[in-house]
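1. This is a predicted model, with the sequence first.
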Amino acid sequence: MTDSSGPRLKPKEKFNFFQDQRVRSVFYQLLTAGIVGYLGWYLISTTAHNLEVRGMNTGFGFINVSAGFDPDFKLVEYQPGIGTYGDIFLIGALNTLLISFLAIIVSTFLGFFIGVLRLSNNWLVAKVALAYVEIFRNVPLLIQIVFWYIGVFSLLPVVKKSIDLSFGAERVILNNRGLYMATPVPGDLFWLTLVTLAATIIGVWIFRRRAKKSQEKSGTQTKTLLPSLAAIILLPLAVFFITGMPLEWNIPELKGFNFVGGTSVPPSFLALLVSLSIYHAAHIAESVRAGILSVDKGQSEAALSIGLKSSRVMSMVVIPQAMPAIVPPLISNWMNTVKNSSLAIAIGYSDIVSLFMQTALNQAGYAVEMVGMTMAFYMFISLTISFFLNIYNKRVQLVER
């Protein structure tokens, strides 16, 4: 008689190479990689063959070839005939990054402001914010760029009738040729002021973090705004005066038919900056409004019940909880700002598309390489923005939990 009370042994599973899920997964991945690799090789080899048949130049040797034109706006030193096409690529990339960075900053702050106004209890304020969003969001960006360039900045007063935006100090001057600003020229000891400013900012950051931790532990709130502002302003200012005010200004002066000296930006730069800022601010405003509406009203009511002011409720309670819903569309808006800056070619701003993919391409003739480098530049910037904002987004999501 056999004992049936012992543990039952499971039958040993037989390994089937063709039906095992792990084997299939690896096989499909290798198959996909092979197909993609073959298509890439076929595209590259076919393109190289067609270029060779037509006698077109290939390779990246043109980067070290001297370029014979001078960009009208540049952030680095460059001389025509001496500078190379690699320098032109750098100038165009820096110009694109500059306009994109400024537009992102302005559009983000303006978008948050308009988004909050959209939810205002004041009927007139809410409707004005709504009109702003609906007008600038629904008009194509290219039309807005052309409008600001032709209909606004090109119609400004001529040089001799320039507008002094510095109230008579002649430090900031605007006319139909652009914006002229006085340029600071630091002296020998000015670095001490900058070091003091940096050290003060770090000290203020540490002070505010400790004050926040102390409030979380004891509930006692420490006022940090006024001491922080006083330290950031007064300490560097004291060092600046002690070192003998080592800072001079290169002021633009009217000589002949134009201003000379200082820093100037062309009307195309101003038109592009305004257009990108107000267009993307309208999109960000809707993202902010949707994010705020996603926060339960009970959070605001609870904050108001403990005595917080409405402005503090919005900044300390509502906005932090709305950020997980705001950040994902904000990533797309920032990337679109960089990519939409390429529309500057319509008004002649010296961005990477206008300088490198148009003027330089017409002279050098390396179409595939130049277009590929331009595409790689935009892809790199977009992936960088996405990478850092996704890190922040994950951090916000973890904090919310």
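-> Nice, thanks for sending it over. If you're wondering where the values come from, they're calculated on a predicted model, not measured in any experiment.
2. buried sites along the helix or strand of the chain with the lowest mean pLDDT?
-> Ranked by mean pLDDT, DSSP states H and E, the weakest helix or strand in the chain is helix 310-313, scoring a mean of 75. Of the residues in helix 310-313, Val313 count as buried by neighbour count, 16 or more other CB atoms under 10 Å. The way it works is simple: take the backbone N, C-alpha and C, and place the C-beta from them, glycine included.
3. ditto for stretch 287-294
-> Buried-residue list, stretch 287-294, by 16+ other CB under 10 Å: Ser287, Val288, Arg289, Gly291, Ile292.
4. Distance from that stretch to the middle of the chain?
-> 21 Å (CA atoms, centre = their mean, to the nearest Å).
5. that older thread, which of the buried residues of stretch 287-294 fall within strands?
-> Nothing among the buried residues of stretch 287-294 maps onto strands, per DSSP state E.
6. Among those residues, which lie within helices?
-> Of the buried residues of stretch 287-294, the ones assigned to helices by DSSP state H are Ser287, Val288, Arg289, Gly291, Ile292.
7. right, and the helix or strand after the helix or strand hosting Ser275?
-> Secondary structure assignment for Ser275, by DSSP states H and E: helix 267-293. Going down the chain from helix 267-293, the next helix or strand is helix 297-305, by DSSP H and E.
8. Next, the angle helix 267-293 makes with that following helix.
-> 90 degrees (axes from the mean of the first three to the mean of the last three CA atoms, to 10 degrees).
9. what residue ranges in the chain score low on pLDDT?
-> 1-20, 48, 51-52, 54-58, 219, 397-401 (pLDDT under 70).
10. which non-adjacent residue is nearest Pro246?
-> Computed as CB to CB, 6 or more residues apart in numbering, the closest residue to Pro246 that is not its neighbour in sequence is Gly187, at 2.9 Å.
11. Which parts of the stretch 51-200 of the chain are strands?
-> 163-164, 172-175, 178-181, 183-186 (DSSP state E, counting those that start in this stretch).
12. how about CSV for those, with mean neighbour count and distance to Val368 added?
-> Converted to CSV, those look like this (neighbours: other CB atoms under 10 Å; distance: least, CB to CB, whole Å):
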stretch, mean neighbour count, distance to Val368
strand 163-164, 12, 46
strand 172-175, 20, 42
strand 178-181, 22, 35
strand 183-186, 12, 40
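13. List the buried residues for the host helix or strand of Lys213?
-> Element membership for Lys213, per DSSP H and E: helix 190-218. Within helix 190-218, the residues scored as buried using 16+ other CB under 10 Å are Phe190, Thr193, Thr196, Leu197, Thr200, Val204, Ala211.
14. Isn't Ile347 up against Ala271?
-> Yes. If you go by CB atoms under 8 Å, Ile347 and Ala271 touch, sitting 6.0 Å apart.
15. Take the strands of the stretch 51-200 of the chain and write them to JSON lines, including distance to Thr32.
-> Shown next, in JSON lines, are the strands of the stretch 51-200 of the chain (distance: least, CB to CB, whole Å):
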{"stretch": "strand 163-164", "distance to Thr32": "61"}
{"stretch": "strand 172-175", "distance to Thr32": "57"}
{"stretch": "strand 178-181", "distance to Thr32": "52"}
{"stretch": "strand 183-186", "distance to Thr32": "55"}
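16. nearest to Met314, of these?
-> strand 172-175 (33.4 Å; CB to CB).
17. Any idea how far that closest one is from the middle of the chain?
-> In terms of CA atoms, centre = their mean, the gap separating the centre of strand 172-175 from the centre of its chain is 26 Å.
18. what's that strand packed up against?
-> strand 163-164, strand 178-181 (3 or more CB pairs under 8 Å, 6 or more residues apart in numbering; DSSP states H and E).
19. State the three-state secondary structure for Thr46.
-> At Thr46 the chain is in helix, as set by DSSP: H, G, I helix; E, B strand; the rest coil.
20. and it, how many residues sit next to it?
-> The tally of other residues near Thr46 (other CB atoms under 10 Å) stands at 10.
21. for Val353, same thing?
-> Quick note: Val353 (other CB under 10 Å) scores 22 neighbours.
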